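Engineer: structural data only, the sequence is not supplied:
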């Protein structure tokens, strides 16, 4: 698997909607969640390489105005791509502005930092750590959303990849008896070319899909059964014989607080 495998992870900047501002009736200063996953799927790729994963998230201000948050997720794809590295967690930090526009619309914009703390060893050829900074924009209407993330830095240690982006379109529909249906389609595009090989980074592009069913036990506890797959090239997205961009069915248990 080539080092160019490591790009993924979270908005379309449609901030010009002429709708009246709408105040969140009950914003919370601090909120968050804990998730237990049988496989950590991020942007269509199995970032825990088929292993269980746990995530914890803390959010500041669920209402309008400035907001931020941090989450940590156990992962091991870096160790697979770069033998000798010891990186067991991904830490995402974000800050931005959120605004409700009427009862049905929400827009957000901000900056996202994806950090992979751990121990790194020299590689041949040399490579940067996969830490990445993205700018994002987001717009949602009811249960449907569109998000665009644009790399301000090189994306996940891929050389000459500044300006790469990921587009996420998602939706959900309420079903009877506490169930809901969710769906997602995403598109990843990489810019630039590898200065050592001359190969264009867009050979790493792919489209990913997700369908799933969510059962809500209470307002704060839910279980998701989802299936994901991508159009990624198996030659570029296979680690130790495991196609991280292939068809994956997985469970996610979430507890909100």
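Structural biologist: That came through fine. These figures come from a predicted structure and were not determined experimentally.
Engineer: how many residues are close by residue 142?
Structural biologist: If you count neighbours by other CB atoms under 10 Å, residue 142 ends up with 11. No exception for glycine: its C-beta is placed from N, CA and C like everyone else's.
Engineer: quick check: it vs residue 200, distance?
Structural biologist: Distance, residue 142 to residue 200, by CB to CB, to the nearest Å: 39 Å.
Engineer: how about residue 235?
Structural biologist: 15 Å.
Engineer: more neighbours, the two?
Structural biologist: residue 200 (14 against 10).
Engineer: residues in contact with the more buried one?
Structural biologist: 192-193 (CB atoms under 8 Å, 6 or more residues apart in numbering).
Engineer: low-confidence ranges, the protein, go.
Structural biologist: 1-25 (pLDDT under 70).
Engineer: quick check: phi and psi on residue 231?
Structural biologist: When read as degrees, to the nearest 10, the backbone of residue 231 gives phi -100, psi 20.
Engineer: what is the burial count for it?
Structural biologist: 13.
Engineer: correct me, but it touches residue 207?
Structural biologist: Yes. Taking contacts as CB atoms under 8 Å, residue 231 lies within contact range of residue 207: 4.8 Å.
Engineer: and residue 79, which of the three is it?
Structural biologist: helix (DSSP: H, G, I helix; E, B strand; the rest coil).
Engineer: distance of the closest residue to it other than its chain neighbours relative to residue 150?
Structural biologist: Excluding the flanking residues, the one nearest residue 79 by CB to CB, 6 or more residues apart in numbering is residue 85, at 5.4 Å. According to CB to CB, residue 85 stands 27 Å off from residue 150.
Engineer: kindly report the same for residue 57.
Structural biologist: 22 Å.
Engineer: and residue 169, by the same measure?
Structural biologist: 16 Å.
Engineer: and residue 102, by the same measure?
Structural biologist: 27 Å.
Engineer: neighbour count winner among those two?
Structural biologist: Neighbours were tallied for residue 102 and for residue 150 using other CB under 10 Å; the higher tally belongs to residue 150 (19 against 12).
Engineer: and for the residue nearest to residue 79, the neighbour number?
Structural biologist: Neighbour number of residue 85 under other CB under 10 Å is 20.
Engineer: go on, residue 29?
Structural biologist: Neighbour tally, residue 29, other CB under 10 Å: 9.
Engineer: repeat for the one 4 residues further on
Structural biologist: Using other CB under 10 Å, the number of residues around residue 33 comes to 16.
Engineer: and whichever strand or helix holds it, how far out from the chain middle?
Structural biologist: Applying DSSP states H and E as the criterion places residue 33 in strand 30-37. Chain-centre distance of strand 30-37: 15 Å, with CA atoms, centre = their mean, to the nearest Å.
Engineer: same thing with stretch 189-204?
Structural biologist: 22 Å.
Engineer: buried stuff in that stretch?
Structural biologist: Within stretch 189-204, the residues scored as buried using 16 or more other CB atoms under 10 Å are 189-194, 201, 204.
Engineer: closest to residue 49 among these?
Structural biologist: Nearest to residue 49 out of the buried residues of stretch 189-204 is residue 204 (CB to CB; 17.4 Å).
Engineer: so the closest one is in contact with residue 158, correct?
Structural biologist: Yes. Between residue 204 and residue 158 there is a contact under CB under 8 Å: 7.4 Å.
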